[in-house]
Structures are given as structure tokens and as C-alpha cells.
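K.L.:
dropping a prediction and its sequence here:
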Amino acid sequence: MLAHKGVYLAKDGHVRASISDLLVVASLALAPLCFLSIRSWTIFFVFFLILVAAAEVARKGYGFAVLRGHRAALWTVAALASSFFAVAMGELLRGQMQANLLDGPSRPLLATLLFVYLLHKPVDFVRLLEWSVPISLVILSGLLWWHPYAYVNIPSGRLGTVAVDPLTLGQYATLLGFICLYTFNLYGVDSLALKTLKILGMVMALGISLGTESRSGWAAIPWLLLIWVVYVQKIRKVQTLFWVLLGLSALGFAIWKLMPAVGDRIALVATEYASYLRGGSHDTATGLRISLLRAASLLFLEQPLHGYGDTAYPALTSIPAIASFYTEALQFAVVHNGVHNEIMQSALRSGIFGLASSILMIVVPAVVFYRGSTSPVPSVRAAGLVGLCYTVAVFCFGLSTETFNLKYTISFYALMISALAAQVLRPQPV
């Protein structure tokens, strides 16, 4: 039964869940289930949750009064709404209103209704995630076993689905695997079934991540492991921490050596970076990313107030400072593929407003979740740790790719931030 102890409780310990409450709990459990397997799956449930939350807020008077004087909750609303207002301000200042550019950013904005609704409801989202996430990885693994290279736009033998490209698949498979790790025995000793499921999920996540060859996903692993060691396992003695980190490093080195494809992909970054600095090819994967960041910084300084939208970039040859590293591939990438960095892409799209928005979207939830991770209340600590895992991962992914430009990833952001932040910030029973 969905309404049970640890998932939905009234203050006196008796279940008092309405039909709409049960629909919300069921949707929260189902939303991550086929996130990486079925196109628009999570988007559907996010919009359903927002509609139910909006109806309940209007019908039962769950007002925004709960935010009054609650600084952290107000900042969370600001973070969720910031992307929409950044894009809208950029469009207004450019005099080029395009409704399609507001589609993705509208999802976190609308999710403020879900956030307010969940502030009134003692729903333990992490209890749902610890089941739905490993099950989602089992479903994904089955799909990839049946059709491993379904993403036809990258015919390189890298794992992908019809719904998700190899780059994003690798990132989020890594994230989901770490959620399995972070929630392992988080509320006490898990049942044998749940332990088995989480271990299976971690193994499958590792296999999928390696099979996608997504280096942007791998970049998050050291930081997520460090947070797990220090904040989840609470290993903080310097000597113990040293040996644990040494063991994890040895494990990483073993994977590097035993799986040549992994070692070669990582070594290639260093080789291409060194070649770039020596004046070699600028059109390698690594070299192009460096050039994109350099070009993005110069473009931002050219038009810092309102940005360029998504495609209205000038010819890079018109900017003298770019001439030394200009290539046709760079011009094509800027216009058609983005600059492969979430913060800079947002800054180019909406100027200073976009820059502020991308910072708010990561920093505010990270602070909220960090504070929650130190709470003595088990459900608050759990949400804080899982939320910290999510925000750190997304930040790391965003260093080498855009993380919120896809509708399903920004919908997932709306879901995770609104539900986890509400679990951290909702008033606790006295």
C-alpha cells in the first residue's frame, strides 16, 4: 500500500490520505521509473503532479503563506522560477519573443506549485526513490540488452536508447547508480529484497555508464564517492579516510587497466588537451570544448545584458579575439550544438540573467540539501543526502555539456528539486 509508515503519515500516526494524495504518491514513485527508457515518461508524470498539486492548492487553500518567513523555501522557489524569468527577460530585452524557448524553463516554474503542495504533506520521496530507482535501472538494462544501440545519431557502438543519447544516458545512469548507493541502509538495515535490488541497480548502472563511454558522467564519480564517504558513511578521521580513499582509487585504477576502452577514453582527454596547448588540432572532442568555452566567454562580453537566444549568434570571424582559434567546426558547434557548458550556455542564451539563473538553480538547492544532510531527523537527512548527490552530479555534468536544454532533463530537475527540497524544508511535527 502506498500510504504506509514512512511514506505518508498524519501527525498522530494514522494514515489520512485522500485519493489525490495517493495519486501524488503513486506518481512520485512512477515518475523516475522509465526516465531513461521511454520518451516523455517523466514529463507526463511531472505535469500530472503539477496539475494535481495546483488543483489541491486551489481547492484546499494550501497557500503560499507557508513560505512567509521561510527564507530557504523562498530561495528554493526563486531557484525553480529563475530559468523561466531569465529566458523571458532576455527575450524582452532583445525584442524577440519566442514561446518555444519558454517551454523547458516553464516546468521548474510550474513545479513551485508541487513544492508548495508537498510542504503541506509528509511524503517521504526518498522512500519511494529507493525502490523506483533500482527498478528503473533493471528496466533500462533489459531494454539495452534487447536493443543496445538504438540511438542512431551516434553510430559508434556506444549504448543509447531511442529516448536518450549515449552522453545523457551515461550521465544519468551514473547518477541513478549513486542514488542506489546513497540510500543503501540509509534508514536502517534494508530488507534482503531491497538490498539485492540496490546492489543489482548499482552493478547495472556501472555497466551502462561504461558502455556509453560518457566521460562527462565519469567526471562526477570522484566527487560523489567523496560525499558518500564523508557524509553518508560519516568517515571523517583523517587516517581512516586516507585508507578508504586509497582503496577507492585502487578500484578505479583496476577498472582503468582491466577495461582498455575506459582507460583509452580518459587518456585521450589528456592527449588532446596537451595537443591543443601546443597548437595542434582544435577540432578534437577536447579541443573543441576548450575553444567553445573561450568563444562563449568572448561572446558573452560582447552582449552581456540580454544574450543571443538559441541561434542568433554573430559570425565568429567578426570577433578578432576568436580569430586565433577559429575553425568552421567551432562556428557550427556554437550555432547547432551549444557550447557544452551549462552555465555559459545559459549566459549566452539570456545574458547576465541566464548566468544568475544557472547559478541559482545549482547553488540554492545544494545549500538546502547540505543543511538537510546534517539533520537528526532521518527523513530530512535522507532527502538532504540524495539531493546533494543529485545537485553535485548535475553540476559536474554541466561542466562539459548542457544539462537543462533537454525537456526531459529539466522536467527531472523540477521533480527532484521540488520533492526533495519539500522533504527537507517542510515543518516537522512537534
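P.N.:
Yes, it's here.

K.L.:
can I assume residue 135 is in contact with residue 197?
P.N.:
Yes - with contact defined as Cβ atoms under 8 Å, residue 135 and residue 197 form a contacting pair (7.0 Å). (C-beta placed from N, C-alpha, C; glycine too.)

K.L.:
quick one, which of these two is more surrounded?
P.N.:
The residue with more neighbours, out of residue 135 and residue 197, is residue 197; 20 against 16, by other Cβ atoms under 10 Å.

K.L.:
give the contact list for the more buried one.
P.N.:
Taking Cβ atoms under 8 Å, 6 or more residues apart in numbering, we find residue 197 in contact with 131, 134, 135, 138.

K.L.:
which phi and psi does residue 123 have?
P.N.:
Here the main-chain torsion angles of residue 123 (degrees, to the nearest 10) amount to phi -90, psi 120.

K.L.:
relative to residue 411, how far out is it?
P.N.:
Distance, residue 123 to residue 411, using Cβ to Cβ, to the nearest Å: 19 Å.

K.L.:
any residues touching the worst-scoring helix or strand of the chain on mean pLDDT, and which ones?
P.N.:
Every helix and strand of the chain was ranked by mean pLDDT, DSSP states H and E. The lowest is helix 238-258, at a mean of 74. The contact list for helix 238-258 (Cβ under 8 Å, 6+ apart) reads 210, 221, 222, 225, 226, 229, 230, 235, 262, 263, 266.

K.L.:
do the same with stretch 382-391
P.N.:
So stretch 382-391 is contacted by 124-127, 129, 175, 178-179, 182-183, 186-187, 224, 227-228, 231-232, 362, 365-366, 368-375, 416-417, 420-421, 423-424 (Cβ under 8 Å, 6+ apart).

K.L.:
export it to PDB, keeping only CA atoms.
P.N.:
Output of stretch 382-391 as PDB, limited to C-alpha atoms (Å, rounded to 0.1, in the frame of the first residue of the first chain):
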ATOM      1  CA  ALA A 382      17.900  11.200   3.700                       C
ATOM      2  CA  ALA A 383      16.400  13.900   1.400                       C
ATOM      3  CA  GLY A 384      19.400  16.100   2.000                       C
ATOM      4  CA  LEU A 385      21.900  13.400   1.100                       C
ATOM      5  CA  VAL A 386      20.100  12.300  -2.100                       C
ATOM      6  CA  GLY A 387      19.500  15.900  -3.100                       C
ATOM      7  CA  LEU A 388      23.200  16.700  -2.500                       C
ATOM      8  CA  CYS A 389      24.100  13.700  -4.700                       C
ATOM      9  CA  TYR A 390      21.800  15.000  -7.500                       C
ATOM     10  CA  THR A 391      23.000  18.600  -7.400                       C
END
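
K.L.:
number the chain from 287, please
P.N.:
Fine by me, first position is 287 from now on; the one you just mentioned is stretch 668-677.

K.L.:
tell me how many other residues surround the residue nearest to residue 445 when sequence neighbours are not counted.
P.N.:
Closest residue to residue 445 apart from its sequence neighbours, by Cβ to Cβ, 6 or more residues apart in numbering: residue 497 at 3.9 Å. Number of residues near residue 497 (other Cβ under 10 Å) recorded here: 20.

K.L.:
quick one, what contacts residue 497?
P.N.:
Residues in contact with residue 497 (Cβ under 8 Å, 6+ apart) are 430, 434, 444, 445.

K.L.:
tell me the mean pLDDT over the helix or strand hosting it?
P.N.:
Secondary structure from DSSP states H and E places residue 497 in helix 478-498. Helix 478-498 shows a mean pLDDT of 94.

K.L.:
by contact count, what packs against the helix or strand just after that helix?
P.N.:
Heading C-terminal from helix 478-498, the first helix or strand you meet, by DSSP H and E, is helix 501-504. Applying 3 or more Cβ pairs under 8 Å, 6 or more residues apart in numbering; DSSP states H and E, we find helix 501-504 packed against helix 452-468, helix 546-563, helix 664-684.

K.L.:
quick one: name whatever helix or strand follows helix 501-504.
P.N.:
Following helix 501-504 in sequence, per DSSP H and E, is helix 507-513.

K.L.:
tell me which other helices or strands the helix or strand containing residue 587 touches.
P.N.:
If you go by DSSP H and E, residue 587 is part of helix 571-588. With contacts taken as 3+ Cβ pairs under 8 Å, 6+ apart, helix 571-588 sits against helix 546-563, helix 614-618, helix 628-659.

K.L.:
return the residues in contact with residue 318.
P.N.:
Residue 318 touches 328, 415, 418, 419, 422, 462, 698, 701, counting by Cβ under 8 Å, 6+ apart.

K.L.:
and it, how far from residue 419?
P.N.:
Residue 318 is 6 Å from residue 419, by Cβ to Cβ.

K.L.:
and for those two, which residues touch both?
P.N.:
In contact with both residue 318 and residue 419: residue 462, using Cβ under 8 Å, 6+ apart.

K.L.:
returning to what we had before: of the contacts of stretch 668-677, keep whichever come out buried.
P.N.:
410-413, 415, 461, 464-465, 468-469, 472-473, 510, 513-514, 517-518, 648, 651-652, 654-656, 658-659, 661, 702-703, 706-707, 709-710 (16 or more other Cβ atoms under 10 Å).

K.L.:
closest one of the contacts of residue 318 to residue 591?
P.N.:
residue 698 (30.6 Å; Cβ to Cβ).

K.L.:
so who does the nearest residue to the closest one once chain neighbours are set aside touch?
P.N.:
Nearest residue to residue 698, sequence neighbours excluded (Cβ to Cβ, 6+ apart): residue 328, at 5.6 Å. By Cβ under 8 Å, 6+ apart, the residues touching residue 328 are 317, 318, 320, 321, 694, 697, 698, 701.

K.L.:
buried residues in the helix or strand harbouring residue 328?
P.N.:
Element membership for residue 328, per DSSP H and E: helix 327-346. Applying a neighbour-count criterion of 16+ other Cβ under 10 Å, one finds 327-329, 331-336, 338-340, 342-343 buried in helix 327-346.

K.L.:
great, nothing more from me.
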